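Chemist: the amino acid sequence is not available; the structure is as follows:
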């Protein structure tokens, strides 16, 4: 079985990617630690799960919960896969470094590595260039990504590496752009009401102090607010990740959306069956 490691900016990205994997690419989330491929043992040593489940008189760790920042694991007939939540773009490189170092020490032969980020604050290619430099300077065990490999491409390396920018590599934006497109297909009336409320935000800003206005006034603030309104209606009192997991954001109706095609194509290409590859033990690491 092949192994893949994915890293994303936040818990919403992780949940959304997980839903795409299970709804479109034949994966199932791993529920209990004994079901997990033993090759992830070194990565598990960085985290702990507070939840327990009793199975056949045995108490085992429930690793299906989104216990921030612990990875979420998925498995298909061919792949064992981990998705890690970096808890923000500023932590992305550090989280990748922290997660991959024990795997490299254990000489786990990863077949694919995918990185997912938003590009609301700067052009996608500029953010990609920064990320490429930081990956290659700080995570030196990774293969060098050729200059010919662009944002949204998959490198012909061992392991194969790809970086995808939400909503797609040629547009500024965030995950919320994709979520709002999904909502248009399954919750159009509710989305219309949420949009009207957020469009009237100037009426409410005078009631907010500087700190309270900070998030809504960010470039993606209005989009995030609309998604939050939808989530609050669908799952009152719960985080938006709970609604993404339980409701129809990713469903038969939304998977056909043109907006999702670039991301689905990237995931499909990244997780295609690779040609036979040497293990890390047989491949000199960069910088050695």
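Modeler: Nice, thanks for sending it over. None of these values were measured; they are calculated from a predicted model.

Chemist: so residue 247 touches residue 230, yeah?
Modeler: No: at 9.1 Å, residue 247 does not count as touching residue 230 under the criterion of C-beta atoms under 8 Å. For glycine as for every other residue, the C-beta is placed from the backbone atoms N, C-alpha and C.

Chemist: where does residue 82 land in three-state SS?
Modeler: Three-state call for residue 82 (DSSP: H, G, I helix; E, B strand; the rest coil): strand.

Chemist: let me know the pLDDT of the residue lying closest to it once chain neighbours are set aside.
Modeler: Nearest residue to residue 82 in three dimensions, chain neighbours excluded: residue 71, at 4.4 Å (C-beta to C-beta, 6 or more residues apart in numbering). As predicted, residue 71 sits at a pLDDT of 89.

Chemist: wait, residue 71 touches residue 47, no?
Modeler: Yes: using C-beta under 8 Å, residue 71 makes contact with residue 47 at a distance of 7.0 Å.

Chemist: of the two, who's got more company?
Modeler: For residue 71 versus residue 47, neighbours defined as other C-beta atoms under 10 Å are more numerous around residue 71 (24 against 14).

Chemist: who are the contact partners of that one?
Modeler: 43, 47, 82-85, 99 (C-beta atoms under 8 Å, 6 or more residues apart in numbering).

Chemist: so where is the stretch 51-200 of the chain shaky, pLDDT-wise?
Modeler: 51-57, 59, 61-62, 64-68 (pLDDT under 70).

Chemist: ok, which stretches of it are helices?
Modeler: Per DSSP state H, counting those that start in this stretch, the stretch 51-200 of the chain carries helices over the ranges 92-105, 124-138, 175-186, 188-199.

Chemist: now, of those, which is deepest in the fold?
Modeler: Each of the helices of the stretch 51-200 of the chain was scored by mean neighbour count; the highest is helix 175-186, a mean of 22, by mean count of other C-beta atoms under 10 Å.

Chemist: where do the strands sit along this structure?
Modeler: Counting by DSSP state E, one finds strands in the chain at the ranges 2-8, 28-29, 52-55, 58-61, 72-75, 79-85, 112-118, 160-166.

Chemist: out of those strands, flag the one nearest residue 132.
Modeler: Residue 132 lies closest to strand 160-166 among these, at 7.5 Å (C-beta to C-beta).
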